[in-house]
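Student: here's a sequence, model it:
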Amino acid sequence: MRSESPFISFYHSNASLMYEKTIIYEMQAVIDEKAPTHDPAKDMKAVMSHLYNLAMKKEIISFNKTQLLDLPVSPTAKRERWEEAEVSAFWNDYPSNPFTGYILIMIYAGLRYGEISTQLLDNIHLDESYMVAGIKTEAGINREIPIADCILPIIKALAQGKRQRLLEMNEDNFYAEYWETISRLNLRHLPPQTCRHTYFSLMTAAGFQAGIITETGGHASYLTTMKNYVRLSIKEKLEAVNKISPNYTE
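Tutor: Numbers count the residues shown, from 1 in each chain. Just a heads-up that it's a prediction; the model follows:
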């Protein structure tokens, strides 16, 4: 059996180092800077993914990091949030359908799919009600995320029997389960990112300080949160203005 040439050996060792050393938020920054609109960003991600798949076939790496990259919202996509009745539908569906628990975690922790899919059990601190998670940007990576009391039992239940990650499911299976849940509950056909929009909207409507909202959500600027994620209902806006309205009733 012919031994591997020095050149091939050098390529494998250095290619492995290159792929492993590349950080998610660095790739995300390249996409954000060079391809700020959806279609070019999608093409750029496809090229990156192709290179990672080739490296996986050569057994240089074992994971395609481009699965964690976010694309700009498509012009035809709606930036919306789940309404109160829809969130209630998720609650009513759980725990009969455990997968719905992941949707509720994304809603009440503001997690992206890429974040919940890589959430290590070792980084979940149930006794102190927080987890360390996050990808994409320096402000978002490895941030401390508080675990709301309402989802603490869900995380405990879903963590049972898992080996390393909270969600041990590949991307295709996750999206298949997600869309099956949405169809079964007869909800609007909105993507998983809607959960993150809902989180920021609920936090804003509850009157939390801007610093808390941006830090827990992994944004460097509150303007980013307000412009791209917060979707307040007319009911919430009315409640807000009524808080500052004088009571002149006789």
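Student: and after the one helix or strand His50 maps to, which helix or strand comes next?
Tutor: Assigned by DSSP states H and E, His50 falls within helix 38-57. Using DSSP H and E, the helix or strand that follows helix 38-57 towards the C-terminus is helix 84-93.
Student: by contact count, what packs against that next one?
Tutor: Packing partners of helix 84-93 (3 or more CB pairs under 8 Å, 6 or more residues apart in numbering; DSSP states H and E): helix 100-109. (Each C-beta comes from the backbone N, C-alpha and C, glycine too.)
Student: now do the helices in this protein.
Tutor: Under the criterion DSSP state H, helices of the chain are mapped to 6-21, 24-34, 38-57, 84-93, 100-109, 113-116, 152-159, 171-184, 193-205, 210-217, 222-228, 234-243.
Student: report the buried residues of the helix holding His50.
Tutor: Ala41, Met44, Lys45, Met48, Tyr52, Ala55 (16 or more other CB atoms under 10 Å).
Student: which one of those residues sits closest to Phe99?
Tutor: Nearest to Phe99 among the buried residues of helix 38-57: Lys45, at 25.8 Å, using CB to CB.
Student: and the pLDDT at the closest one?
Tutor: Listed pLDDT for Lys45 reads 87.
Student: show me the contacts for it.
Tutor: Contact analysis of Lys45 by CB atoms under 8 Å, 6 or more residues apart in numbering lists Ile31, Thr66, Leu69, Leu71.
Student: which of those residues scores worst on pLDDT?
Tutor: Ranked by pLDDT, the contacts of Lys45 bottom out at Leu71 (81).
Student: just checking, that residue touches Ala41?
Tutor: Yes: counting by CB atoms under 8 Å, Leu71 touches Ala41, with 4.8 Å between them.
Student: from Glu83, how far out is the nearest residue to Gln193 once chain neighbours are set aside?
Tutor: Using CB to CB, 6 or more residues apart in numbering and skipping residues adjacent in sequence, the residue nearest Gln193 is Arg112, 7.2 Å away. According to CB to CB, to the nearest Å, Arg112 and Glu83 sit 21 Å apart.
Student: repeat for Arg184
Tutor: Distance, Arg184 to Glu83, using CB to CB: 18 Å.
Student: one step back: tabulate the buried residues of helix 38-57 in TSV, adding columns for distance to Ala133.
Tutor: Output for those, formatted as TSV (distance: CB to CB, whole Å):
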residue	distance to Ala133
Ala41	23
Met44	25
Lys45	22
Met48	22
Tyr52	22
Ala55	25
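Student: for Pro95, state which of those is nearest.
Tutor: Lys45 (35.0 Å).
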